[in-house]
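Visitor: Prediction below, plus the sequence it came from.
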Amino acid sequence: MSHAQIKLGLEIHVQLNTGKLFCQCDSVRGGDKSSSFSRRLWAVSGEMGLTDRAVSYEKDRARVFQYEITDNSCLVEMDEDPPHPINKDALLVALRVALALKSDILDHLTVMRKIVVDGSNTAGFQRTSLVALGGHVETSRGPVKILTICIEEDSARRVSEDGKKVLYSLDRLGIPLLEIATGPDIKDEAHAVEVAREISFLVASSGHFRSSAEAIRQDVNLSLGYGRVEIKGVSKLSLISDGARNEINRQLSLAKAMEALKNNIGTESIEIKFVDCSATFVGTESKLVSKELENGRKAFCSLLKGMNGLLRKGDLRIGKEIADLVKLFGIRGLLHSDELPGYGIGSRETDSIKKILAPAANDAFMIVLCNDAQVKTLEKEIKERLTKLLSLDFSETRSVSEDGTTYFLRPLPGGERMYPETDIPNVDLVNMIAEAMDLGPIDSLSTAAEKLQKEYDISAQDSSVLVREFKVNEFRELTAIGQDARLSARMLLQTIPELENHKGKIEFENIANIFRYARENGLKRESIEVMLGLIASGQSIEQVIKDPGILPLSEAELKKILSEIEDGLKPGQIIAKIRKLTKRPIDTEVLQRLLK
Amino acid sequence: MSHAQIKLGLEIHVQLNTGKLFCQCDSVRGGDKSSSFSRRLWAVSGEMGLTDRAVSYEKDRARVFQYEITDNSCLVEMDEDPPHPINKDALLVALRVALALKSDILDHLTVMRKIVVDGSNTAGFQRTSLVALGGHVETSRGPVKILTICIEEDSARRVSEDGKKVLYSLDRLGIPLLEIATGPDIKDEAHAVEVAREISFLVASSGHFRSSAEAIRQDVNLSLGYGRVEIKGVSKLSLISDGARNEINRQLSLAKAMEALKNNIGTESIEIKFVDCSATFVGTESKLVSKELENGRKAFCSLLKGMNGLLRKGDLRIGKEIADLVKLFGIRGLLHSDELPGYGIGSRETDSIKKILAPAANDAFMIVLCNDAQVKTLEKEIKERLTKLLSLDFSETRSVSEDGTTYFLRPLPGGERMYPETDIPNVDLVNMIAEAMDLGPIDSLSTAAEKLQKEYDISAQDSSVLVREFKVNEFRELTAIGQDARLSARMLLQTIPELENHKGKIEFENIANIFRYARENGLKRESIEVMLGLIASGQSIEQVIKDPGILPLSEAELKKILSEIEDGLKPGQIIAKIRKLTKRPIDTEVLQRLLK
Amino acid sequence: MKGNINFGDKIKLLHKGNEIEGTFISFENGIITVKLNNGYNVALSDENTEVISSQAAKKNKEIRNEEHEVTDGVMILATGGTIASRVDYTTGAVKPHLDISSLIGDSGTGVNLGTKVIDNILSENVTPDKWISMATHAKREMDRGNHVVILHGTDTMTYSASALAFMFEKQSRSLTFTGSQRSPDRPSSDAFENIASSIAFSALNVGEVTISMHNSTSDFSERLLRATRSRKMHTTRRDAIRDIYGKDLARIKDGKITAIEEFRNTDEVSIISTKLDERVALVYFYPSFEPSTLSAIAESKRALVIMGTGLGHVSEGITKEIKRLTKDGIKVVMTSQCLAGNVNLNVYSTGRELKNAGVISAGDILPEVALTKTMYLMGNYEDQFDELMQIPIRREINRRLQN
Amino acid sequence: MKGNINFGDKIKLLHKGNEIEGTFISFENGIITVKLNNGYNVALSDENTEVISSQAAKKNKEIRNEEHEVTDGVMILATGGTIASRVDYTTGAVKPHLDISSLIGDSGTGVNLGTKVIDNILSENVTPDKWISMATHAKREMDRGNHVVILHGTDTMTYSASALAFMFEKQSRSLTFTGSQRSPDRPSSDAFENIASSIAFSALNVGEVTISMHNSTSDFSERLLRATRSRKMHTTRRDAIRDIYGKDLARIKDGKITAIEEFRNTDEVSIISTKLDERVALVYFYPSFEPSTLSAIAESKRALVIMGTGLGHVSEGITKEIKRLTKDGIKVVMTSQCLAGNVNLNVYSTGRELKNAGVISAGDILPEVALTKTMYLMGNYEDQFDELMQIPIRREINRRLQN
């Protein structure tokens, strides 16, 4: 498709390892949980006395939030102690990144509360602060404008959700996040990936990047002329392009479906009116339906005027738009006429419902399984959402699944949900800029790779990949243990990824331990590789170092093996022969000496 | 036997219902336990800087004391709060009793700490105070001198004992006790019972007697010229005479045994030296011995010079004197030569022991089963006690078993174990005497019976028994509920004792509840009797009042029954006939009307 | 910054070359605060900033203090404090501000609710005459058949509540103080639940002044506390106010009330004695506390409540000074800085000397409660002061201590 | 009463016709106290009593204060307090009296033990110069290779222990305070176990000043507490002294030591700074607290530690007075009467005004510890006062609060 009319922007969030933003808890380690507590959140009006759309929407869901207290959380994360002064180290990183992006740093830092009532913040708001405005990042396809640089606290990690109860861990809450928002001038999905990589690298290059699977998350802002859609929390770079592409397709199809709907209903407004049709399903063969009814829920049906064939036919999928919404209220059962008969529901039931609703030829209908209390909310919410979509306003907050498809999360929040964090005085940034400059400029990706190559005398290729894959810190640490830099690079870039691919994840702590053990016990590359292999197979470090298989063959053992091998083979052939006899490491120096 | 040389005195302890003596806890109700705590006690020196014999003896036993906290105990009983000012109501009772006994009341009350380290007081001492000196009680055999009147706190109730751990309940600790000590001029055991009854009646008559099984306890002081023996905690009147008689016999026999021993050993001093003879018992048939050895104990034997035939032969029982002592150290196994062979121990073992100890013809030996740590203490303690007995000094503190025999408890304490309770200022008694007098004199037993008869118009017999059996309070309470006084007396003196004899204990609270229920529901004597019977059978009050069997036969039911009974019978015969048909109460008034 | 720009006006600025659009918040100390359209506030130095244009704001819905009279229901009296706190855009801090109706929300369904603002102060500024005003208002409501809930800052809530407990010699309706540790402008505020539970607890007809706040850090459960036995024991936690021994009169959990400790029931009528003698000082003893400091504090006072060490002790020098004061007719009440446990002047020689000097020890009364009790007794029962101070008149003294 | 009769003499009296024999204890205020042979003391009015005869007492074994020097062991320094209390036969109350060796009993078997009496006072009479003396003695013992156990009254133990914690800038040996809540003249005294455990805890080589007392009302278990985080929280219980958040450094149970919270280890050498500026007052704020009272207290003081309400607040009037004082160069440190939780002057407008006035808030430091820290800083580091007050120098401030 043509990307001419698409506006694409990113918000990049990078976690910092400086300690938490508003307390003295560790931001790297310490997720062991102890006890937990439960809370609810209330919809309150913001600074201007109005209640934000996203907030009042969430209020209707009335969920209970349970929080696990971890050893890297304290009363601040529990919302039982006001925030402490902002973490200066984290702020300095923000300033250095701003300088690198040529942003205009504000004179004063004003910490804001951004109301978030999905429970991911115990306070009911996220603390965030604007550090700088403007600037740009250089890319292979020209500079991309930077809109804002913010520093904010990460949210609580969602552990599980069960109906109206959501379980969060406090381990992630309060970890500093740099949020860098670009302008909508990214060219396409591939360009978005490049921009994301370049910006997150800048942060990593400050030396305060927090190594973890969720260390970098992107929000994608996308507009095709149907309003801005924000796709939240894209954790993998690959999902940026998948998500953007899928969302573009969805909006194009949705626009088509809505045009068709407008044709069908004319100026009529959308009305949803649920009627109890539980009686219809007495003795139904649908397991889905009978199970919900057994659990005390009821079946409600409503006419969907003019939507016959638009709910689920080809790329027309209004049904999914409704289903996404219904799911957010903890309701599992939604069925609509485009998929019926089906799911064990036969014509007996559909006929009976048609008798109740009397649909015209181009009318569809849907069935939801829920409580009396929920049905009123649903009528309102479905009507509102469909009406908005019908006006071709697709703006909203969405999330992306692992498969790259996006789904509805909540309405876009407005500026109303922000008000000042009154517990923290403004911070004068003017004096801090000098301090940030004293720490030196942050290198761009290519400069950093060049410097690394020179410092360690490794290949340009290795250096570049280490930098691009954010493995510089690990590389430095392993080399500092006393192993050869090339060996460290080889392990990090080849051996370990390969082992992880075939066997399983290897924690960096274990890699470091193995390097240390090898150093202390004079073990070489071959032994290290064996040890890494054992770790990847799920053994503990204690088991691994006890394994006699990690020791290289002794001179005597080698001699004995060699004596059993026919003469006249080349060294390569000899090694292959030995490999057939044992998996133990071979000290090639010793072997060479013996072969002389 | 002749009582001419016997000196017999009593210390009578009576619990009061005024609330506890040094705090605001209830002294009547509230024994429900909640949690518990553990303590040890230390031997400390008293006022004069010396440590009392009884204290240092107890120290050697090194026991752990666990205390159950009850709902009628507080930090004072836990020894975590200093005593509160002395309970004035209790003190007034003491003064009134002193007045009734014509004792000289002291000008000032000085509360003392009497060191008691057997754990029965959490503080390690009992608080006690001298109220009056002198006076006398009139008896059928002339006046008996009163030595002292004290007010003191009751000790903790021992729940159980398991080796070195003793479990106490705090429910009883701190209940006020009046202690009235007589001179040694009681004529004999029967006289002792009369004195005890008369004195405890005086206290009961104050209206502040605590009704409970252990409300009255006596210590018997007895001397036959071999030193004073104090028999502690005699709770039943019948045990006074049994205990005294048994102790007299014991002392006479013991004197005989000791004379014989002196003959046998001459001026030689008693020596106890235990030797490990565990090896002898390998494969023994004695279950007692093998079990103790399995539990890690050892067998030790010691010669008992000159005691052959004196340990257990006829009324000569030095063996029991040793056994009583050994038992106090938690040691169950003591065997001596007068009872061997026996207990599964044959001549093989005894011969082997004789080989070790080489006893002469009139020597005996003993075997104890205990730990290495205990054996040194035992050597010292057994030697000390036997040496003391040999000098015909039998003075000590003893206790009495349910069967009326007495046993060794500890050495007699001296005055050393008392020192002032520093947490309570002296109380001026001079002004309180007037207040006590205003409450009126306490009647003697006979005066009280006379007054009661007149007040309630009951028989002289009933009145006298109510008074003597300390049932006046209960009688007054039942009558106040609104039942006829004669009925109350009949129930208390006949029906209830009979039911309790045949079925089981009836709590007074239940009796009062039944009376109240009967009153409120117009039920008469017959129904009350049925209800009491049900309660005595173990039913709860809730069950009882739901039982249709407690309602008298209605007029219609009676008519129907009568119609089935042949004519011409006398009323008595008719009732007997009805009784055969139903256990339900018969309202005699209704029956008489129908028979007219 | 020039021009007549008011809070809420739309504004366009040029700041160091960046064009900034938003809503004007304030201009103070050379700093212009603007709320950007994305919601962020930015604080800009005036010298680097130029106003391009401004446009007067549309009038927002005004927050009104609606008052509702009521009879035979529950009257909520607001006095200020965090529970009625809002952002102060001038200083950037939280200040009292009132909008009671928004706090009640869906609580008290089925209850006849009234609201009234009787004051608007931070609780650290509460004074005895405020207590008299609260008592008078509460009495008037009780006479109309209303249970009373008083919204109050948590800092001095136990002082106020215990003062009212003494003033109410009889009370025909329940009187419960509540507040919040998180201000109600935040979604996590404890205000909403605390108010709802205070209203719900009224059903128990407790004839004592009580406090209702969170029972733990979790929501969904509040406790009812005896005013004269409670103390704020944490600066920030939701469950900061508690009975010093953990004895709650009642608890509410997921809407269900459970009565726990025994309490006094309401009387037929309400009677208040509102005289309070303010000339009382609460004095904390510590090593190096000088007699001259004590005499300076006692200047113009009629009674002192001392927070002594342990069982109620002070140094020899202070003991001497106290003797001088009691001789001059100043009442001296001894409490303990330990907070829990009895004061007892019989145990040590220091205590006996204090007792001989006429110092009054009153069991385990809390120091702050001893202060309000002293004000009350000096105001109403001066001639029975010594006797009444030593016995519980509003269950402020535990005659039995079980932990 | 006539005649030269002394304590301990055998005496025979005639009192209201009863002949009374016993031991003479005292004659005071017209009352003769005699210990009867059965152990009871009787207090007889002189007017009703006549001395029949008396006989001089045999000399009792004299209680001596034996002192034992020691090196590379554990030195027990006695300062007085309940742990060294005995019956005072003159007043009838308990007074300090010393007999250390009898307290140690069978504890510390295998340890090289020394004892020394350095003072003999009730702990309410402790003053800063006593702390200097304790520190100097303790330092001398550490220099001889001894761990130090200080016997101290429990009332002001946490003041003394925290003062020494600040004075010891480095310590080469452990220094543990202990005491008892029940005097050692009673079999149930906690003194014996507390001393034994204090000696046992020395094995941990804690390089901080600590306190060791009972862990619960039960015997057989004691805890080791950080001096700068402990407070006496009950007047009478054995486990009265505790870390305000319940964080024990170690526990001993049936003789077995378990380390719990992380602690500082001993240093190579001991260094003490013993200058203390006594011109510091600890002031408790309460409603009706008058500015004139504050100015009277501040007279001749160089610093004030205020126990404010909640997050560290005082009334408007007091805020104004504080502004005046800080302008005059008086240091004002804000703590909270809540005891637990952080002081934070950023949250409310009152707090911000105090902060602007130069008031120093130091997290969750305990008020009493703030007092000793202020004395220490003003004595040794006055020019760095503001900075050092706000950061933990002896772990007296928790930078992270988890409960």
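Guide: Arrived safely, thanks for sending.
Visitor: Do a quick rundown of the helices in chain C.
Guide: C:100-104, C:128-143, C:157-167, C:191-201, C:291-298, C:316-327, C:349-356, C:367-380, C:385-390 (DSSP state H).
Visitor: got those helices as JSON lines, with mean pLDDT columns?
Guide: Below are the helices of chain C laid out as JSON lines (pLDDT from 0 to 100):
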{"stretch": "helix C:100-104", "mean pLDDT": "72"}
{"stretch": "helix C:128-143", "mean pLDDT": "97"}
{"stretch": "helix C:157-167", "mean pLDDT": "98"}
{"stretch": "helix C:191-201", "mean pLDDT": "94"}
{"stretch": "helix C:291-298", "mean pLDDT": "95"}
{"stretch": "helix C:316-327", "mean pLDDT": "96"}
{"stretch": "helix C:349-356", "mean pLDDT": "91"}
{"stretch": "helix C:367-380", "mean pLDDT": "98"}
{"stretch": "helix C:385-390", "mean pLDDT": "97"}
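Visitor: for A:S35, what are its contacts?
Guide: Neighbouring residues of A:S35 by Cβ atoms under 8 Å, 6 or more residues apart in numbering or on different chains: A:I69. Backbone N, C-alpha and C define where each C-beta goes, glycine included.
Visitor: try it again with 10 Å
Guide: A:Y67, A:E68, A:I69, C:T217, D:N403 (Cβ atoms under 10 Å, 6 or more residues apart in numbering or on different chains).
Visitor: Quick check: of those, which has the highest neighbour count?
Guide: A:Y67 (27 neighbours; other Cβ atoms under 10 Å in any protein chain shown).
Visitor: quick one: strands adjacent to the helix or strand that contains it?
Guide: Using DSSP states H and E, A:Y67 sits within strand A:64-70. Taking DSSP bridges as the criterion, strand A:64-70 sits next to strand A:33-39 (antiparallel), strand A:165-169 (parallel) in its sheet.
Visitor: Hey, what's the angle from the first one to helix C:191-201? Just curious.
Guide: On the basis of axes from the mean of the first three to the mean of the last three Cα atoms, to 10 degrees, strand A:33-39 is oriented at 70 degrees to helix C:191-201.
Visitor: List the buried residues for strand A:33-39?
Guide: A:F37, A:S38, A:R39 (16 or more other Cβ atoms under 10 Å in any protein chain shown).
Visitor: ok, now how distant is the closest residue to C:D248 other than its chain neighbours from chain D?
Guide: Once flanking residues are discounted, C:D248 sits nearest to C:R223: 4.2 Å by Cβ to Cβ, 6 or more residues apart in numbering or on different chains. Distance of C:R223 to chain D, computed by Cβ to the nearest Cβ, to the nearest Å: 18 Å.
Visitor: ok, now A:K262?
Guide: In terms of Cβ to the nearest Cβ, A:K262 sits 53 Å off from chain D.
Visitor: Tell me who's in contact with that residue.
Guide: Contacts of A:K262 by Cβ under 10 Å, 6+ apart are A:E268, A:G306, A:L390, A:S391, A:L392.
Visitor: secondary structure class for it?
Guide: Here A:K262 is recorded as helix under DSSP: H, G, I helix; E, B strand; the rest coil.
Visitor: Now the residue of the stretch 51-200 of chain C found nearest chain A: closest residue in space that isn't a chain neighbour?
Guide: Of all residues in the stretch 51-200 of chain C, the one sitting closest to chain A is C:P187 (2.5 Å; Cβ to the nearest Cβ). Of all residues not flanking C:P187 in the chain, A:G124 sits nearest, at 2.5 Å (Cβ to Cβ, 6+ apart).
Visitor: Count the neighbours of the one you found for me.
Guide: Applying other Cβ under 10 Å, I find that A:G124 has 27 neighbouring residues.
Visitor: quick one, what contacts A:A449?
Guide: Per Cβ under 10 Å, 6+ apart, neighbours of A:A449: A:F201, A:D443, A:A460, A:Q461, A:D462, A:S463, A:S464, A:V465, A:L466, A:V467, A:R468, A:V472.
Visitor: where does it sit relative to chain C, distance-wise?
Guide: 33 Å.
Visitor: Could you list the contact residues of the stretch 51-200 of chain A toward chain D?
Guide: Contact residues, the stretch 51-200 of chain A versus chain D (Cβ under 10 Å from any Cβ of the partner chain): A:69-78, A:80-85.
Visitor: Please apply the same query to chain A.
Guide: Residues of chain A lying near chain D (Cβ under 10 Å from any Cβ): A:20, A:23-26, A:34-35, A:69-78, A:80-85, A:421-425.
Visitor: Would you list the buried entries among those?
Guide: By 16+ other Cβ under 10 Å, the residues of chain A next to chain D give A:20, A:23, A:25-26, A:69-78, A:80-84, A:421-425 as buried.
Visitor: pull the helix or strand with minimum mean pLDDT from chain A.
Guide: helix A:53-59 (a mean of 63; mean pLDDT, DSSP states H and E).
Visitor: Provide a list of residues in contact with the closest residue to A:R157 other than its chain neighbours.
Guide: Spatial nearest neighbour of A:R157, excluding adjacent residues (Cβ to Cβ, 6+ apart): A:R172 at 4.2 Å. By Cβ under 10 Å, 6+ apart, A:R172 lies in contact with A:15, A:20, A:27, A:31, A:70, A:72-73, A:77, A:120, A:153-158, A:212, A:214.
Visitor: Cool, thanks, talk later.
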